[in-house]
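In: Generate a structure from the sequence data that follows.
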Amino acid sequence: MITGGVDVKRIMGAMLVNLVRRHYAQGGSTLTQQLARNVYLSSRTSMVRKIREAMTAVQIESYYTKRKSSSCTLTRSISGRAFTE
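Out: Numbering: from 1, shown residues only. Here you go, the predicted structure:
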């Protein structure tokens, strides 16, 4: 279930797999969370960054339409820029 740009079920599933395997094996980020990480946060893996990523994703989802945030994700992945008018 994705709510506000965060898929809690997917994140919990990825955390369980990572704990069982004892290393980072799966990620649970939605596209909005990936956009938040790529634009606003570092790529360093940590629980604090993951929490900030989720919080930022919720803010992006509340401010931008789904179409705009998806467009920014694509723009960011292709050109390295996002949120351009």
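In: Show me where the chain has its strands.
Out: Here the chain has its strands, by DSSP state E, at 2-3, 6-7.
In: what's the offset of stretch 3-22 from the middle of its chain?
Out: Relative to its parent chain, stretch 3-22 has a centroid offset of 12 Å by CA atoms, centre = their mean, to the nearest Å.
In: Ok, stretch 58-72 next?
Out: 12 Å.
In: Same question for stretch 23-35.
Out: With CA atoms, centre = their mean, you get 6 Å for stretch 23-35.
In: ok so, going back, mind telling me which of the strands of the chain the model trusts least?
Out: When the strands of the chain are compared on mean pLDDT, strand 2-3 scores lowest, with a mean of 72.
In: Tell me the helices and strands packed up against that strand.
Out: Using 3 or more CB pairs under 8 Å, 6 or more residues apart in numbering; DSSP states H and E as the contact test, no helix or strand touches strand 2-3. Backbone N, C-alpha and C define where each C-beta goes, glycine included.
In: contacting residues for Glu61?
Out: 4-5, 32, 69 (CB atoms under 8 Å, 6 or more residues apart in numbering).
In: ok so, going back, please identify the most buried of the strands of the chain.
Out: strand 6-7 (a mean of 20; mean count of other CB atoms under 10 Å).
In: can you tell me which helix in this structure is longest?
Out: helix 47-63 (DSSP state H).
In: and that helix, which residues are buried?
Out: 50, 52-54, 56-58, 60-61 (16 or more other CB atoms under 10 Å).
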